[in-house]
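Visitor: Build me a model:
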Amino acid sequence: MATRDTTEPTNQPAVSTDEVVDWKTKLRYFLNSDFVRSSPYWGIPFVIMGIAVYGGIGYNLVISFTDYNGLEPPTFSSLDLEMYRTALASEAFREAAINNFVLLISFTAISLILGLFLAILLDHGIRYKNKVQTIYLLPMALSFVVTAQLWLWMFNPDSGVLTIIVTTFGFDPVDWLGNPQLALPAVIFALVWQFSGYAMVVYLAGLQSIPDDQFEAAKVDGASTIRTYLRIIVPQLKESSVSAAVVLMVFALKAFTFLYSLVGQYRPPNGTDILATLMVRQAFKFGKWAYGAAIATMLLLLALSVIAPYLAYQYRQGSL
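Guide: The predicted model follows:
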């Protein structure tokens, strides 16, 4: 008598031997790849950077939602946007934000225009080309602290170089850093002096990559030198302009060190307050750590608004 098979049929397909072998081959290939074999070298720095940098950014973001004052541990049970509302309603914050934008736009625009002008002069073959290029590029090698101390001496209303020049022409001494109307323009002027040489080098590299045939063709057509540069040469410097502008804007956002050394951390604001100096003063002087964290988060968003469009542009151009 035949017995009936009571085994229930299964709907899952059987795994073939070829699939198992293929999976093992892929795993073996991955374990022997340069990515895995080099992980002991890049893995530890990657973890440290992740904890110290991105972990710190995340913790700062969480702190900004609390009322942490630096004396007692922060309470994470009730997180809200109170510090952000306080910042947006503060006149000091609005003034610092406006100064930040004025510094960002003015410094970048003036540096680009001056750098382009100097690059055109150098590309046109002026005398002492190498010496001029070195003189204008040298300030960029100086740190913010050194530059600030140099201009602090030059802006001195009693014995500074600018005071001597002004009084020589019969004018009264000017307190450049003590006058709220002149302090921010003085800071922008000093930063332009330091970084316009960078824009000059970037533009000079772009100009030297343009074939000489275009200049010759413009001369044959009767175009003047100014018209040749404005109509033909400068429009081809779009890549150079974008690259230089992004780097200069990043330097403008990092101007805290310069302003800290020039006007001091705890000195009352004199028209040069930006978000970074306001953040440090609120956190370290007044102990408003949560408020300072909120300002730092908004400053980070401002920096991302500068970097992200540039990265997107480079990605569309196929450079990333």
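Visitor: Figure out how far stretch 86-99 is from the centre of its chain.
Guide: 21 Å (CA atoms, centre = their mean, to the nearest Å).
Visitor: ok, residues contacting that stretch?
Guide: Applying CB atoms under 8 Å, 6 or more residues apart in numbering, the contact partners of stretch 86-99 are 184, 269, 271-275, 277-278, 291, 294-295, 298. No exception for glycine: its C-beta is placed from N, CA and C like everyone else's.
Visitor: Narrow those residues to those in helices?
Guide: Of the positions in the contacts of stretch 86-99, 184, 275, 277-278, 291, 294-295, 298 sit in helices, assigned by DSSP state H.
Visitor: can you list the residues you listed in TSV and add distance to residue 79, pLDDT and neighbour count?
Guide: Below are these laid out as TSV (distance: CB to CB, whole Å; pLDDT from 0 to 100; neighbours: other CB atoms under 10 Å):
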residue	distance to residue 79	pLDDT	neighbour count
184	36	90	21
275	22	90	21
277	27	89	22
278	23	90	24
291	15	93	26
294	12	94	28
295	17	93	26
298	17	93	19
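Visitor: Pick the one among those closest to residue 65.
Guide: residue 294 (8.4 Å; CB to CB).
Visitor: wait, that closest one sits on residue 68?
Guide: No: if you go by CB atoms under 8 Å, residue 294 and residue 68 don't touch, sitting 10.6 Å apart.
Visitor: Without its sequence neighbours, what residue ends up closest to the most centrally placed residue in the chain?
Guide: With distances taken as CA atoms, centre = their mean, residue 250 lies nearest the centre of the chain, 1.7 Å away. Distance criterion CB to CB, 6 or more residues apart in numbering; nearest residue to residue 250, sequence neighbours excluded, is residue 306 at 6.8 Å.
Visitor: Next, count neighbours for that neighbour.
Guide: Neighbours of residue 306 under the rule other CB atoms under 10 Å: 17.
Visitor: between the contacts of stretch 86-99, which is closest to residue 35?
Guide: Closest to residue 35 out of the contacts of stretch 86-99 is residue 298 (36.7 Å), distances taken as CB to CB.
Visitor: close enough to count as contact, that closest one and residue 275?
Guide: Yes: taking contacts as CB under 8 Å, residue 298 lies within contact range of residue 275: 6.9 Å.
Visitor: hey, where'd the strands end up in the stretch 1-150 of the chain?
Guide: Shown for the stretch 1-150 of the chain, no strands are assigned by DSSP state E, counting those that start in this stretch.
Visitor: give me phi/psi at residue 160?
Guide: Phi and psi for residue 160, reported as degrees, to the nearest 10, are phi -70, psi 160.
Visitor: count of residues packed around the closest residue in space to residue 100 that isn't next to it in sequence?
Guide: Among residues not flanking residue 100 along the chain, residue 274 sits closest, at 4.6 Å (CB to CB, 6+ apart). Look at residue 274: counted by other CB under 10 Å, it has 26 neighbours.
Visitor: My read is that residue 274 contacts residue 254, right?
Guide: No: applying CB under 8 Å, one finds residue 274 not in contact with residue 254, separated by 10.7 Å.
Visitor: Mind listing what's buried along the helix ranked longest in the chain?
Guide: As assigned by DSSP H, the longest helix anywhere in the chain is helix 91-123. For helix 91-123, a neighbour-count test (16 or more other CB atoms under 10 Å) marks 93, 96-97, 99-100, 103-104, 106-108, 110-112, 114-116, 118-120, 122-123 as buried.
Visitor: re the thing from before, and the pLDDT for the residue nearest to residue 100?
Guide: For residue 274, the model assigns a pLDDT of 89.
Visitor: Tell me where the model's unsure across the stretch 201-320 of the chain.
Guide: 265-269, 319-320 (pLDDT under 70).
Visitor: Cross-check the contact I'm expecting between residue 173 and residue 157.
Guide: Yes: with contacts counted by CB under 8 Å, residue 173 reaches residue 157, the gap being 5.0 Å.
Visitor: Find the residues that touch each one of the two.
Guide: Common neighbours of residue 173 and residue 157 (CB under 8 Å, 6+ apart) are residue 163.
Visitor: show me what contacts the residue nearest to the centre of the chain?
Guide: 303, 306-307.
Visitor: Out of those residues, which sit inside helices?
Guide: Filtering those for helices - DSSP H - leaves 303, 306-307.
Visitor: Looking at these, which is nearest residue 220?
Guide: residue 306 (42.2 Å).
Visitor: looking at it, the closest one is touching residue 246, isn't it?
Guide: Yes: counting by CB under 8 Å, residue 306 touches residue 246, with 6.6 Å between them.
Visitor: Run a quick neighbour tally on residue 252.
Guide: 23.
Visitor: Dump the host helix or strand of it to CSV, restricted to CA.
Guide: In the assignment (DSSP states H and E), residue 252 maps to helix 238-253. C-alpha atoms of helix 238-253 as CSV (Å, rounded to 0.1, in the frame of the first residue of the first chain):
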residue,chain,number,x,y,z
LYS,A,238,33.1,82.9,-15.5
GLU,A,239,34.8,79.8,-14.0
SER,A,240,37.5,81.9,-12.4
SER,A,241,35.0,84.3,-11.0
VAL,A,242,32.9,81.6,-9.4
SER,A,243,35.9,79.8,-7.8
ALA,A,244,37.4,83.0,-6.5
ALA,A,245,34.1,84.3,-5.2
VAL,A,246,33.4,81.2,-3.2
VAL,A,247,36.8,81.2,-1.6
LEU,A,248,36.6,84.9,-0.7
MET,A,249,33.1,84.4,0.8
VAL,A,250,34.5,81.6,3.0
PHE,A,251,37.3,83.9,4.1
ALA,A,252,34.7,86.6,4.9
LEU,A,253,32.8,84.1,7.1
